[in-house]
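S.K.: Provide a 3D model corresponding to the input given below.
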Amino acid sequence: TEIERSPNGADGWAAIGQTATNGTSFYSDGSAQANTTYFYRVRAKNASGASAYSNVANAEVGNLNVRSFDINISLYNNPTIAERNKYEEIMRFFSDAIYEGSNGAHRLGKVTFYTNGAFADRADIVWHAGQGTASARPAIGRSGAHINLYDIASSVNLLTNDPVQNSTLLLHEWGHYAYNLSHSPGSGMLIPGIGFQQPGWLEFSTARDHQAGSEQDQNYGASHWDVLARPQDQDPRPGQVLGVDRPYYPELALVKPPATERFTAELPAGQAAARSALQFTWAANAPTRTRVRAQAASANALAPAEITVEEATIIRQVVVETASSNVAPNELLAIQAALIDIVEGSLVGDSIGIISYDGEAHVVQPLTVVNSDAQIDSIIANIEAMTVGNSQSAPGAALEAAFEGITADGVPTDTLRAIYLIGSGTHNTGVHPMSLLPDLQAATLPVYTIGYGADVAGVALLKTLAQQSAAAYRSADAGLNSLSEAVTEIEFASLPYSGLDLLSGADFIEKEAAVEVPFVVDSRIDQLDIELGYDGNQNALFALAIAPDGSEVRFDEGNLCEDYSTQNPGDPNQDFALGTSCYTTILNPLVGRWTLRFQQANNMYVDYFVTGFPKDAQQALPAYVSVVNADHVSNEIAYPKPMIVNASMGTGRLVAGATVNGTIAGDDGSFQSFSLHDDGVSPDALADDGNYAALVDAAVNGGYLISAVFDNDAGTAYFTNKAHTDADDSTQTMLGENVQRIAETVVYVVNAPARRSTDPNAPGPGAQAPQSITILQANNSPVAGRIDGADDSDLYEVTVPDDQTGDFIVRVDSLAFGMDPYIIARSAPGNDGASWEREAFLQTDPTSNAYLAMTLSVQPGEKVLIEVKHFDPTATRGAYQISTGSRLSSDPPGFNLVKSSSLQIYYFPYVGR
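M.R.: Next up is the predicted model:
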């Protein structure tokens, strides 16, 4: 599908991009300017020609020139009022520095401080005790990425030093963290303090200062501002796919200084604008570790009146759709089950409200602090009383009610607040949800959305709400399991979670057989929470947790289990609640290897989860896993892209030398095991830096649960700073004990084709159906391609721009799954002049960083057909991306392919693993 834009809707139409074929897609206009109205139309194109244009749609772009970054800071201590004032003053000048460095395009927004190490696993800035080197782990939004600061950072006492000078240091690290820029000698910013007068020391380099051979030049081939102002499409390309992601902010292109100038000055005149969005929040009420359901087994159970709304640690309003046009009775059961899971997992001090909607909003549960079993039971009763409503859908009215409840008098603003919206995204009555965005943004209230039965328009609405409110979107269209997974993902993204996942799994226990599952507790942990779930009543399972010294915790003693198997046994609305749930807390657990032991009278499945809580949150060694090339808002990845899975462990320093194994389980029942490596071989970008990577193949639409399991059974793990820019990595400290961690994420594959048929005469990928042609843009925008069967090939067409000058390049890069590209370029039918054809192939290896690039002598307006194959016709898979356009800095020297038959063979060195 080709997208065109016009300034007036009548003429001046120009193609600005395209979306993937054979699937639902979304396009973001990254070149739109602020305060401008644009007109858009689309049409489909294939080998047979183009469809008629769609209706024209128009949109006015608001004032998007200034982007405010909301950041979280984890402090190692609980500072006094006077010390808090110092931290806030540092952030004021930090916002000034960002504003100056970005030429007025960026600044800070809401700054939330967490004390005593809280939120260290997901903070943008982790502030450590003592002294150390300020460093950054790129890139913003990536799991585990953050800036490391110290009271005395890089020999500068941040709490007593001139905050203006501090801002230089902070902006330096921000350049790495938020923009993924590299060091560039000669600039006033990333090598600060070279003598430029203020505010010149807060600037990024321009072409005037750029030095060949610098780290910035080696990584990007251009100055800081040349990189900031261009899309990622114009960056150098890797031969083999890599898990590296550079953020791009289109608004920076509007403020790029002229190449002949060193900088433009925004300060001091712009200081008020630099600080105009700044807000400070001190998360005063730290979340507890105690689940309400676990209080009954504790002698220190809190009375319901001990925590009020004003003291709530977490405040959530959950909005769910019940419109009959979008929610069937069985789907309502799944929604109710997801809500009950949220309530059952409440910590002491959580506050929750629930609003349902059909054609109007209905308060299911007023905003309530959860303190007792009785309150949980009451909320669950209200959830179970929900019914399918009328056919109208008013998400805006429900969102408005949620906003009014969470911003009411007496509800604190200095704690974590969030709104969850579960529904189809359909809006056909009442206030439009998008009209509430200004109020949501002003209150810094994120709206996390979960699409359930959503159509194309509904998905677009839900994604936009999440993106524009600095939240996330997840799909839940594969039934109860996917809804539960989506809720779990949203809970993790929105809430502070100090727990460390040590064990997570399910086992089938045969009748009268015993199963033992080991796990490791390390010296950083001072509390264990163990949770079990199984079918049947409480007596159906005999379960033990066995400590390293042989002592036992029995789940059939004390008040550790809740039996749901006899509650309303004949009520179909209670089917989701059948079974038994057990939960216990163990304080100061012994260090070493523990064992869960199960035995039961009948065949059944047992789910088990073990969570450890750390003594020191900043030394906890949390584990992370993410698919780095998935969409940051929706966690979707569009086939045919391969999944690049990245995992790490640690906050200040990362752990290298560990063993990391992964699994991926699909909604379709598929299951794969894989290993993650930190060896500098694709897709891992840098060896021994504590970032472990793997390529994973998933070719069926749906959700996939990805798990990464870390251990130090071999005793080879050590701490390293290698992943952090500017950090001193001269010493490596052995971890010194066995550690076990698990990290999980859910990713969603979209746009995958139907499964390949084993019948060679059946239509579908690789069969005898007519082959489609994908239209390429001649602007270096990459399109992902996939060889998904023997003797498969992909066809593309590109039109050379009328203003094309210089070399015209066809490149195939970012190779994966053993892809060895073989490309054929030829003149398209209907071109003027003689027909021509060129062939080229690349003999490479998964450790080579070479890619295939052809330089074509073509005329403006000429159409070129390109066929991509695997060099080995028997190969059944391979992934790549293809792009066309002007030469990039990484393109190999041109072999000018004049219009005569030719074959080019490229040889590159082999490096064995």
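
S.K.: what about G806, distance to P892?
M.R.: Shown here: G806 relative to P892, a distance of 16 Å by C-beta to C-beta, to the nearest Å. In short, each C-beta sits where N, CA and C put it, glycine included.

S.K.: pretty sure I490 belongs to a helix, no?
M.R.: Yes: assigned with DSSP: H, G, I helix; E, B strand; the rest coil, I490 falls within a helix.

S.K.: residue ranges of the strands in the stretch 1-150 of the chain, please?
M.R.: Under the criterion DSSP state E, counting those that start in this stretch, strands of the stretch 1-150 of the chain are mapped to 2-6, 14-18, 36-43, 45-46, 49-50, 57-61, 67-75, 106-114, 125-132, 135-137, 146-153.

S.K.: neighbour count: G806 and P892, which is higher?
M.R.: Neighbour totals were compared for G806 and P892, and P892 leads with 16 against 9 (other C-beta atoms under 10 Å).

S.K.: which SS class is the closest residue to the more buried one other than its chain neighbours?
M.R.: In this structure, P892 finds its nearest non-sequential neighbour in A853, 5.5 Å apart by C-beta to C-beta, 6 or more residues apart in numbering. Look at A853: counting by three-state DSSP, its state is strand.

S.K.: what is A853 paired to in the beta sheet?
M.R.: Here A853 sits in beta bridges with R811, going by DSSP bridges.

S.K.: residues near it, how many?
M.R.: Counted with other C-beta under 10 Å, the neighbours of A853 add up to 26.

S.K.: over to R107?
M.R.: Counted with other C-beta under 10 Å, the neighbours of R107 add up to 24.

S.K.: could you list the domains of the chain?
M.R.: As given by automatic domain parsing, the domain ranges for the chain are 2-61, 67-282, 292-494, 500-611, 620-750, 773-907.

S.K.: out of the strands of the stretch 1-150 of the chain, which one sits most buried?
M.R.: Each of the strands of the stretch 1-150 of the chain was scored by mean neighbour count; the highest is strand 135-137, a mean of 26, by mean count of other C-beta atoms under 10 Å.

S.K.: which residues touch it?
M.R.: Residues from elsewhere that reach strand 135-137, judged by C-beta atoms under 8 Å, 6 or more residues apart in numbering: 144-148, 173-174, 176-177, 654, 721, 723-727.

S.K.: which elements pack onto the longest helix along the chain?
M.R.: Ordering each helix of the chain by length in residues (DSSP state H) puts helix 81-101 first. Packing contacts for helix 81-101, counted by 3 or more C-beta pairs under 8 Å, 6 or more residues apart in numbering; DSSP states H and E, involve strand 67-75, strand 106-114, helix 163-179, helix 271-274, strand 279-282.

S.K.: what's the closest of these to N779?
M.R.: helix 163-179 (22.1 Å; C-beta to C-beta).

S.K.: and the next helix or strand past that closest one?
M.R.: As assigned by DSSP states H and E, the chain's next helix or strand after helix 163-179 is helix 215-220.

S.K.: from the chain's centre, how far out does the longest helix of the chain sit?
M.R.: From the chain centre to the centre of helix 81-101 is a distance of 28 Å (C-alpha atoms, centre = their mean, to the nearest Å).

S.K.: mind listing the strands for the stretch 801-913 of the chain?
M.R.: According to DSSP E, counting those that start in this stretch, the strands that the stretch 801-913 of the chain contains are 808-816, 821-827, 837-843, 852-856, 863-870, 878-885, 896-897, 902-907.
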